[in-house]
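*Asks:* coordinates only, no sequence provided:
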């Protein structure tokens, strides 16, 4: 064999061996069953947090530190009502309540406005 034929044979052998190693994986990936359970729980939470058809009351818009203070003060005064801080560039917002109807939200807004006069109704969109 000449040097040229030997180098071609060597290149061919390398290509064949590299193809064999590319197909060596079975394709069976084992996944922890707890992962699927955790993923389902996360989907439930995401569906109920903000992307629902419920009315909310926005009591604060501003910076992060003051939004946290407002949230803590609100939760101290209204223990039975849901409240959360949401970030929408460039401000933080404190949303409270989770009302099915506008009438229910307006009743609560009237009471909340006594302590948070700049409050207003919102209906987050999906």
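*Replies:* Yep, it's here. Source: prediction; values computed, not measured. Numbers count the residues shown, from 1 in each chain.

*Asks:* quick check, pLDDT for residue 40.
*Replies:* We have a pLDDT of 76 for residue 40.

*Asks:* looks like residue 122 contacts residue 54 (just checking).
*Replies:* No - using Cβ atoms under 8 Å as the test, residue 122 is too far from residue 54 to be in contact (10.1 Å). Heads up, the C-betas are built off the backbone N, CA and C, glycines and all.

*Asks:* can you list contacts of the helix or strand harbouring residue 107?
*Replies:* Assigned by DSSP states H and E, residue 107 falls within helix 102-112. Residues from elsewhere that reach helix 102-112 (Cβ atoms under 8 Å, 6 or more residues apart in numbering): 55-57, 59, 78, 81, 96-97, 99, 119-121, 123.

*Asks:* which of those residues sit farthest apart?
*Replies:* The distance between the two most remote of the contacts of helix 102-112 (Cβ to Cβ) is 19.9 Å, for 78 and 123.

*Asks:* filter the contacts of helix 102-112 down to the ones in strands?
*Replies:* If you go by DSSP state E, the contacts of helix 102-112 have 55-57, 59, 96-97, 99, 120-121 in strands.

*Asks:* pull out the buried residues from those residues.
*Replies:* Buried residues within these, counting neighbours by 16 or more other Cβ atoms under 10 Å: 55-57, 59, 96-97, 99.

*Asks:* now tabulate those residues in TSV and tack on pLDDT and distance to residue 86.
*Replies:* Formatted as TSV, these follow (pLDDT from 0 to 100; distance: Cβ to Cβ, whole Å):
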residue	pLDDT	distance to residue 86
55	94	15
56	95	10
57	95	13
59	96	12
96	95	11
97	93	13
99	92	16
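
*Asks:* just the residues you listed now: which is nearest residue 39?
*Replies:* Residue 39 has its nearest neighbour among these in residue 56, at 26.7 Å by Cβ to Cβ.

*Asks:* got a list of what that closest one touches?
*Replies:* Shown in contact with residue 56 (Cβ under 8 Å, 6+ apart): 95-99, 105, 121-124.

*Asks:* repeat for residue 93
*Replies:* Residue 93 is in contact with 58, 60-61, 67, 85-87, counting by Cβ under 8 Å, 6+ apart.
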